[in-house]
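pasting the structure only:
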């Protein structure tokens, strides 16, 4: 009876091993195809992540670490690019929310702006942004003629408003 159980166990183990070996062989072939493509052109994000996953499964953490670092760097650069693009100014379809700044900060800005502009009325708001919302983008809409085109530090003049100054913090 023991030899029969031993044979049945070996067949089960061997069958599972064959399946795992076939899956690993397919994964290696897929990884080689992706690596070949990566050598000739930038990979789209879904292939980059598949490459990382296959490398992690086949070669462990140490093999996947350089790919993960590179992907994080690319993702970070892409995030910064999008954040900068949405902060380039003010568009008609932008949304705003209360600025949420402390009164002393608003007063400091008021004094600084008063030194450069003949502002008759102003409204400060925070632009709703998708990318890096923890880095606010403030917009100051103001009425009144410019006295001096030299804007205070951190103030960007945006011509789409009557006098629109986008304040970055």
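Looks like it arrived, so ask away. Note that this is a predicted model, so its numbers are computed, not measured.

how far does the longest helix seen in the chain sit from the chain's center?
Longest helix of the chain, by residue count under DSSP state H: helix 45-86. With CA atoms, centre = their mean, to the nearest Å as the basis, helix 45-86 stands 12 Å off its chain's centre.

next one: stretch 18-28
35 Å.

could you report the neighbour count for the closest residue to residue 47 other than its chain neighbours?
Nearest residue to residue 47 in three dimensions, chain neighbours excluded: residue 34, at 5.8 Å (CB to CB, 6 or more residues apart in numbering). Just so you know, the C-beta spots here come from the backbone N, C-alpha and C atoms, and that holds for glycine as well. Applying other CB atoms under 10 Å, we find 18 residues neighbouring residue 34.

any idea how far residue 44 is from residue 34?
From residue 34 over to residue 44 the distance is 11 Å, taken as CB to CB, to the nearest Å.

and if you look at residue 10?
Distance of residue 10 to residue 44, computed by CB to CB: 44 Å.

same question, residue 5
In this structure, residue 5 and residue 44 are 51 Å apart, going by CB to CB.

and what of residue 74?
12 Å.

more neighbours: those two, which one.
Counted by other CB under 10 Å, residue 74 and residue 44 do not tie: residue 74 has more neighbours, with 14 against 10.

nearest residue to the more buried one in space, ignoring adjacent ones along the chain?
residue 48 (7.8 Å).

let me see the ranges of the helices in the protein.
For the chain, applying DSSP H gives helices covering 2-40, 45-86, 103-114.

of all those, which one is nearest residue 127?
helix 45-86 (8.1 Å; CB to CB).

which helices and strands sit right next to that closest one?
If contacts are counted by 3 or more CB pairs under 8 Å, 6 or more residues apart in numbering; DSSP states H and E, helix 45-86 sits against helix 2-40.

could you pull up the mean pLDDT of the helix it packs on?
In this model, helix 2-40 has a mean pLDDT of 85.

so where's the protein uncertain?
Scanning the chain for pLDDT under 70 picks out the ranges 116-117, 144-169.
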